[in-house]
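>>> I'll drop the sequence and a predicted model, then ask my questions.
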Amino acid sequence: MIGRLRTQALETSKFITDWMEHRTGIVTMLEHFLYEPVPKRGAWLYTLGSATLFCITLQFLTGILLLFYYVPTVDHAWDSINYIMNEAYFGTLIRGIHYWSANFLLVVIGLHMAQVFFSGGYKSPRELNWVVGVVLLLLVIVLAFTGYLLRWDQDGFWASVVGIKIGSYSPFVGGQVTHFLIGGDVVGPATISRFFAIHVWLLPAALAPFIGIHLYLLRRHGVFGSEFEYSDRLAKLHERQRLESYERYEEEEGEPYVGRRDRADRE
Amino acid sequence: MAELQKDPITRKDFLGFGVLGAIVGAILTIPPAAFVLGPIIDIDARGQSDVPDDWFEVGSISDIPEREPQVFEVNFPVEQVYGQKESQVVSDSEFAVPNAIWVSWKAPILERGRQGSLGDILDEESPRRPAFLDEWNGEPLTQEQIGEVTENLNVLSSSCAHLGCPVRWTEGKRLFLCPCHGGLYDINGGWFGGPPPRGLYRYTYEVREDGNIYVKHEFDVGGAQGPQAPYVI
């Protein structure tokens, strides 16, 4: 009985999978996106990119949920967050995930960039992907900055004032940058509207295509240091070191290098 | 490419397409650009401000102690988005920026300091408060008294000249301290230490016959520059 049910379930799932694959190609696509060869050494370090993407996905999902209650006006912003934290079901959890994954995101991005940098993953032909990654980092930093003001509490207000003042030191266009950001010459209703528009619409809209480009370029060139590439480069390095040691020997001893065994025979 | 070369574009067509492209491009880009950059056009090009060009009451000169600064709160109304006067007919929600303003009597400077190296050396002993205030009962001030008071007042913004954090008075050190990056100012608002590139900003102010101080939402930076609109707050 159980065996027959199991067979039926397997057949049904296979039918659904084949049906979907035939019409959308989703199985092939998933296989293509999910499986990527990575070097054996330090394989866990290669999950940092996926961890970054996971944090960004969390930001999108929890951000959408927060929009159901958040009101971007000077007289309601703080109150709406207070409501989310104290009245809305699981509000503390949803906002907590949004807040902490934002913090964690910056840490993970830092680690991801360090891993790429120290493994030489920015070198040809992956330079462009490094540049795209830096653009993504800048977008995430501005996202974090603009999100700070939306709380409309003392912390967020003064941190934003400081950030905007830093912008005012930009050469030639300092004043214009400030006025653009705050939507006037003082922080007020226009400021929170602008920061909201930038945080919720403009930057996520810019972030999404750059993530796409980043992933596309990753797929195109593969992860740097795949086993073949790694061992090939190591072999070249060892060969170069070997030749250099011969040259050193010749310079120091004044006679051509002839291997250890040959030397023993000769002596 | 080869196909395109078989059908070369004439100069007339090229110019026509260029002009048409420029017109269409302008139609598509100017409205959204002006929409988003509106504040820059209003403030930097047209010289407008979100805060009305009025005088706002700070407080009475009799509340300022001899050797300590006194903080006053002034609410500058902000006419911005739904804070516009027109919409207040249907909505009472006027937004105001509460600004802390530090007012003190000027301490005489014994020796001028140098920005970034040494603060002014102040005379902490001699009296600063005009003598007539000891017996003043609130009667209208004469022009001489107004002149004397105006000459001896510091009306300072609480925003640090470095990055805008609000400064606070520390009694023990007798200095204004910025909590963000440690900027220090003396009681006159002069630079004393830390990263600020200058002293505290001074408001444009006046003293009236009723003995109250009034300020405009602008800083008097002195010299030929005229008043400077405050950034950010």
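Okay, I see it.
>>> Look up how far residue B:71 lies from the closest residue to residue B:193 other than its chain neighbours.
Counting by CB to CB, 6 or more residues apart in numbering or on different chains, residue B:193 lies nearest to residue B:184, which is 3.9 Å off, once chain neighbours are set aside. All C-beta spots, glycine's among them, are computed from the backbone N, C-alpha and C. To residue B:71, residue B:184 is 17 Å away according to CB to CB, to the nearest Å.
>>> Same drill for these two, tell me which one is more crowded.
Neighbour comparison, residue B:184 and residue B:71: the larger count goes to residue B:184, with 20 against 15 (by other CB atoms under 10 Å in any protein chain shown).
>>> Tell me how chain B divides into domains.
With automatic domain parsing as the criterion, the domains of chain B are listed as B:2-36, B:56-228.
>>> Just the residues contacting stretch B:193-206, thanks.
B:55, B:58, B:101-102, B:115, B:119, B:150, B:153-162, B:167, B:176, B:178, B:181-185, B:188-191, B:213-216, B:218-221, B:227-228, B:230 (CB atoms under 8 Å, 6 or more residues apart in numbering or on different chains).
>>> Select from the residues you listed every entry located in helices.
residue B:150 (DSSP state H).
>>> Could you point out the longest strand of chain B?
strand B:95-105 (DSSP state E).
>>> helix or strand right after it?
Following strand B:95-105 in sequence order, the next helix or strand is strand B:109-111 (DSSP states H and E).
>>> and chain A, which residues reach chain B?
A:73-75, A:158, A:161-162, A:164-166, A:168, A:175-176, A:178-180, A:182-190, A:193 (CB under 8 Å from any CB of the partner chain).
>>> give me the beta-bridge partners of residue B:207?
residue B:213 (DSSP bridges).
>>> tell me, how many neighbours does it end up with?
22.
>>> Next: residue B:129.
By the criterion of other CB under 10 Å, residue B:129 has 17 neighbours.
>>> Any chance of the domains of chain B in TSV with mean pLDDT and distance to residue A:125 as columns?
Shown next, in TSV, are those (pLDDT from 0 to 100; distance: least, CB to CB, whole Å):
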stretch	mean pLDDT	distance to residue A:125
domain B:2-36	87	30
domain B:56-228	87	42
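>>> deepest of those, which one?
domain B:56-228 (a mean of 16; mean count of other CB atoms under 10 Å in any protein chain shown).
>>> Name all residues that make contact with residue B:210.
Residue B:210 touches B:140-141, counting by CB under 8 Å, 6+ apart.
>>> Assign it to helix, strand or coil.
The three-state label given to residue B:210 by DSSP: H, G, I helix; E, B strand; the rest coil is coil.
>>> For the closest residue to residue B:42 other than its chain neighbours, grab phi and psi.
Residue nearest to residue B:42 in three dimensions, not counting chain neighbours: residue B:48, with 4.5 Å by CB to CB, 6+ apart. Main-chain dihedrals, residue B:48, degrees, to the nearest 10: phi -80, psi 170.
>>> worst-scoring helix or strand of chain A, pLDDT-wise?
Lowest by mean pLDDT, DSSP states H and E among the helices and strands of chain A is helix A:260-266, with a mean of 58.
>>> after the longest helix belonging to chain B, next one along is what?
The longest helix of chain B (DSSP H) is helix B:11-36. Note on helix B:11-36: by DSSP H and E, the next helix or strand toward the C-terminus is helix B:38-40.
>>> Quick one: mean pLDDT for that following helix?
Average pLDDT, helix B:38-40: 91.
>>> That one vs chain A: in contact?
Yes. Using CB under 8 Å from any CB, we find that helix B:38-40 touches chain A at B:38-40.
>>> Give me the residues contacting that helix.
By CB under 8 Å, 6+ apart, helix B:38-40 touches A:176, A:179-180, A:182-185, A:190.
>>> among the residues you listed, which two are most distant?
Across those, no pair lies farther apart than A:176 and A:190, at 15.2 Å, counting by CB to CB.
>>> Neighbour count: these two, which is higher?
Neighbour comparison, residue A:176 and residue A:190: the larger count goes to residue A:190, with 22 against 18 (by other CB under 10 Å).
>>> Show me the strands in the stretch 101-250 of chain A, by range?
With DSSP state E, counting those that start in this stretch as the criterion, the stretch 101-250 of chain A has no strands.
>>> low-confidence ranges in it?
Across the stretch 101-250 of chain A, the ranges flagged by pLDDT under 70 are A:225-231.
>>> In a markdown table, list the contacts of helix B:38-40 along with distance to residue B:33.
Listed next are the contacts of helix B:38-40 as a markdown table, based on distance: CB to CB, whole Å:
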| residue | distance to residue B:33 |
| --- | --- |
| A:176 | 13 |
| A:179 | 15 |
| A:180 | 11 |
| A:182 | 18 |
| A:183 | 15 |
| A:184 | 18 |
| A:185 | 20 |
| A:190 | 17 |
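>>> Let's verify residue B:148: helix, strand, or coil?
Under three-state DSSP, residue B:148 comes out as helix.
>>> what residues are up against the closest residue to it other than its chain neighbours?
Nearest residue to residue B:148 in three dimensions, chain neighbours excluded: residue B:130, at 5.0 Å (CB to CB, 6+ apart). When contacts are counted by CB under 8 Å, 6+ apart, residue B:130 touches B:145, B:148-149, B:152.
>>> and what of residue B:116?
So residue B:116 contacts residue B:191 (CB under 8 Å, 6+ apart).
>>> and the gap between it and residue A:142?
32 Å.
>>> Ok, residue B:195 next?
Per CB to CB, residue B:195 is found 24 Å from residue A:142.
>>> what do you get for residue A:96?
22 Å.
>>> same question, residue B:126
52 Å.
>>> domains in chain A, as residue ranges please.
Taken from automatic domain parsing, chain A resolves into A:44-224, A:225-267.
>>> Quick check: which of these is nearest to residue A:20?
Nearest of the domains of chain A (CB to CB): domain A:44-224, 21.7 Å.
>>> End to end on that closest one, go ahead and measure it.
This stretch, domain A:44-224, spans 14 Å end to end (CA to CA, to the nearest Å).
>>> can you give me the strands for chain B?
Using DSSP E, strands in chain B cover B:56-60, B:70-78, B:95-105, B:109-111, B:121-122, B:153-157, B:168-170, B:175-177, B:184-185, B:191-193, B:203-207, B:212-220, B:227-228.
>>> I'd like to know which elements the third one is packed against.
This means strand B:95-105. strand B:56-60, strand B:70-78, strand B:153-157 (3 or more CB pairs under 8 Å, 6 or more residues apart in numbering or on different chains; DSSP states H and E).
>>> Kindly recompute the last result at 6 Å.
strand B:70-78, strand B:153-157 (3 or more CB pairs under 6 Å, 6 or more residues apart in numbering or on different chains; DSSP states H and E).
>>> contacting residues around the residue nearest to the spatial centre of chain A?
The centroid of chain A falls nearest to residue A:52 when counting by CA atoms, centre = their mean (4.1 Å). Residues counted as contacts of residue A:52 (CB atoms under 6 Å, 6 or more residues apart in numbering or on different chains) are A:108-109, A:112.
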